[in-house]
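Q: with the sequence up front, the predicted model follows.
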Amino acid sequence: MKAVSLRIGTQRSVGSEFLDTQFGSKKFSITVTRSPDQLVADRALPEGADVQVAVLDNPFRLTRDLTNILGSARSGDSLVLVCGGDKLYRATLKFLGLA
């Protein structure tokens, strides 16, 4: 299954991308960040009861981890994906259909 994403232009935080993503029949609001501290400082974290946070730190499991995360999330959930480095950040955006 392939993810398709569009950038959301309303939020800004250095080192983060804000996306509307479709994965199969599900739609999510996803924040991909390599700077979680800046995201908190900018008060750009999503709010609500359906926010899931995942740390991505293993490049060898990235595709499997993202497939599992998106597959288990419910349509309408907000996801925050914290990437442990620039390579993981770029690979995550590529998986989500941006890079």
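A: Ah, there it is.

Q: OK, contacts around the closest residue to residue 15 other than its chain neighbours?
A: Here the nearest residue to residue 15 in space, its sequence neighbours aside, is residue 35; by Cβ to Cβ, 6 or more residues apart in numbering that works out to 3.0 Å. C-betas here are computed from N, CA, C, even on glycine. Residue 35 makes contact with 13-16, according to Cβ atoms under 8 Å, 6 or more residues apart in numbering.

Q: just the ones of those in strands?
A: residue 16 (DSSP state E).

Q: neighbours around the closest residue to residue 85 other than its chain neighbours, how many?
A: Of all residues not flanking residue 85 in the chain, residue 34 sits nearest, at 7.0 Å (Cβ to Cβ, 6+ apart). As a burial measure, residue 34 scores 22 neighbours (other Cβ atoms under 10 Å).

Q: and residue 70, how close does it get to residue 40?
A: 24 Å (Cβ to Cβ, to the nearest Å).

Q: out of these two, which sits in the busier spot?
A: residue 70 (22 against 12).

Q: that older thread, so which of the contacts of residue 35 is the most crowded?
A: Busiest of the contacts of residue 35 [other Cβ under 10 Å] is residue 16, holding 23 neighbours.

Q: gap between that residue and residue 42?
A: In terms of Cβ to Cβ, residue 16 sits 8 Å off from residue 42.

Q: and if you look at residue 5?
A: The value you get for residue 5 to residue 42, if Cβ to Cβ is used, is 21 Å.

Q: counting neighbours, go ahead and name the busier of these two.
A: residue 5 (21 against 15).

Q: where does the more buried one land in three-state SS?
A: Assigned with DSSP: H, G, I helix; E, B strand; the rest coil, residue 5 falls in the strand class.
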